[in-house]
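Trainee: Pasting the sequence and the predicted model now:
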Amino acid sequence: MIRFLIFIFLFLTTSVLAGQFGQNGRDGRDGYDGQNGRHGEDREIIAKGDMYNYNLSGADAGDGGDGDYGEDAWNCYQRMQNEDEYGAFGGNAGRAGNGGIGGNAGDITIYYQDESNLKNITINSTPGRGGAAGRTGYAGRGCKCQAYRWERNGNTYRCFDGRDGRDGERGLDGRSGDGSTISLIQRLEPLEPENNTRSLRIQDVPANNPLYINDHLWSFGASYAGLFSNNSRIENASYFKYTKTDERTVFVSWDAEQSMARYSTSQITFTLKNGSFRIDPIEPFWPIYKHERGPIESHISITDAALSTDARQIEINQLLGLEKEITLHLEDKANMLDKIPATFEIDYQTRFGGVFYQSRYQGSVSDQYLHRNGNQLVFDIGKMPIENQYKRWGTFVKIIVHATRRFGPYQLVDTFEIKKRLF
């Protein structure tokens, strides 16, 4: 058994073993991956009744190459000397190549006034087919023992067959390409560029220069395929028909009592999508605003603001006292407790077993346990309903504080903790 384990170790760390007979077979080469198919050409046309023939098809992909066979071990002559012997290994087979990905069919946008003119358009649009995976190679065979046990000079020796190589991994067939997107627009003038999302920095709040956003709306339907020439060949296409363009003019004003200078780099994003208008302040900006919305206009007045970073400035300063006199001292570094009020929950834990902490009290910090002086906060931990044995001298304590800050519709929870041995 010990000799066998030594064999395994040598097997993993060297290509020619002490006591090996024969020569290892060479590994087979991996098959090449098939070439991806060429994409079809995109087109944009105006249909006025003339005959048109467009080929948008994607090209088929190439097949993957075959993996080579692993070579058999060779020169497998067993010497039967004064040592255990091990056969040479067969070569690993090469991995089969993956098939290429078929080319996408090209997209086409068609402007027209008279729908009957579409019958004069022949479209050939088929996605390219994916390539087939190559075939895997077979592994080479290892050298086999002619004698598995022999005696020499009073000692018994053994022989172990060389392992065969590994068969090659299978390749993957390539997928077919995507079908065309066919966009139908019943007008002859090109659509203006779509811009349905705009971001505004507060320092750029316009006085007389509003933001303009627009969103093109489309209907989807497979029934549009019958609008074209009967000679058309269209596979797996998506059809979209333009219906209208939503437009909105956005006026923004800063009407807060505080200066906008502190928020100059803050941003708001306005989005118009599928008939819905959305206002998204970008963190850490927390604006409070009024929105007067008309059919095609929005007037947004910012009346107050804060930064979420200001709500994360509470820190624990120190933990003092014993038993009923324990107090936890905190400070709001941003001095924003009036503007961004806070409520607190604590988890009072003590250590046991030398490493682990166990919770002894969890609850909200009500006004009877909370004292504030400006930006300073004091929790009367000792007066909370915590058993006295967990507040004595020498107790290892961990206090976790969860602070919930609220400003208008905005809210966040900040968590911090302190560990200390009471004395």
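Mentor: Perfect, thanks for sending it.
Trainee: domains for this protein, by residue range?
Mentor: What automatic domain parsing lists as the domains of the chain is 1-190, 193-218+245-308, 313-421.
Trainee: could those go into JSON lines alongside mean pLDDT?
Mentor: JSON lines is the format used below for the domains of the chain (pLDDT from 0 to 100):
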{"stretch": "domain 1-190", "mean pLDDT": "90"}
{"stretch": "domain 193-218+245-308", "mean pLDDT": "93"}
{"stretch": "domain 313-421", "mean pLDDT": "95"}
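Trainee: Minimum distance to residue 234: which of those has it?
Mentor: For the domains of the chain, the distance to residue 234 is smallest for domain 1-190, at 4.8 Å, taking Cβ to Cβ. The C-beta positions use only the backbone N, C-alpha and C, and glycine is treated the same way.
Trainee: about what we covered before: for residue 231, which of the domains of the chain is the nearest?
Mentor: Nearest to residue 231 among the domains of the chain is domain 1-190; the distance by Cβ to Cβ comes to 4.9 Å.
Trainee: what about stretch 116-129, start to end distance?
Mentor: Taking Cα to Cα, to the nearest Å, the first and last residues of stretch 116-129 lie 33 Å apart.
Trainee: which parts of that stretch are buried?
Mentor: For stretch 116-129, the neighbour count (16 or more other Cβ atoms under 10 Å) marks 117, 118, 119, 121, 122, 123, 124, 125, 126, 127, 128, 129 as buried.
Trainee: Just send these back as JSON lines, with distance to residue 111 too.
Mentor: Below are those laid out as JSON lines (distance: Cβ to Cβ, whole Å):
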{"residue": "117", "distance to residue 111": "10"}
{"residue": "118", "distance to residue 111": "11"}
{"residue": "119", "distance to residue 111": "16"}
{"residue": "121", "distance to residue 111": "12"}
{"residue": "122", "distance to residue 111": "18"}
{"residue": "123", "distance to residue 111": "15"}
{"residue": "124", "distance to residue 111": "20"}
{"residue": "125", "distance to residue 111": "18"}
{"residue": "126", "distance to residue 111": "24"}
{"residue": "127", "distance to residue 111": "25"}
{"residue": "128", "distance to residue 111": "28"}
{"residue": "129", "distance to residue 111": "32"}
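Trainee: What is the neighbour count of residue 326?
Mentor: Other residues near residue 326 number 21, with proximity taken as other Cβ atoms under 10 Å.
Trainee: With adjacent residues omitted, what lies nearest to it?
Mentor: Of all residues not flanking residue 326 in the chain, residue 382 sits nearest, at 3.7 Å (Cβ to Cβ, 6 or more residues apart in numbering).
Trainee: Residue 77 too?
Mentor: residue 21 (6.2 Å).
Trainee: list the contacts for the one you found?
Mentor: Taking Cβ atoms under 8 Å, 6 or more residues apart in numbering as the contact definition, residue 21 lies against 76, 77, 78, 79, 85, 86, 87, 88, 143.
Trainee: nearest to residue 147, of the buried residues of stretch 116-129?
Mentor: Out of the buried residues of stretch 116-129, the member with the shortest distance to residue 147 (by Cβ to Cβ) is residue 129, at 55.9 Å.
Trainee: mind listing what the closest one touches?
Mentor: Counted by Cβ under 8 Å, 6+ apart, residue 129 has contacts 37, 60, 61, 102, 176.
Trainee: In three-state terms, how would it be classified?
Mentor: Under DSSP: H, G, I helix; E, B strand; the rest coil, residue 129 falls in the coil class.
Trainee: Would you quantify the distance from the residue lying closest to residue 387 once chain neighbours are set aside to residue 413?
Mentor: Distance criterion Cβ to Cβ, 6+ apart; nearest residue to residue 387, sequence neighbours excluded, is residue 360 at 6.7 Å. Residue 360 sits 22 Å away from residue 413 when distances are taken as Cβ to Cβ, to the nearest Å.
Trainee: Just want to know which of those two has more residues nearby.
Mentor: Between residue 360 and residue 413, counted using other Cβ under 10 Å, the more crowded position is residue 360 (17 against 11).
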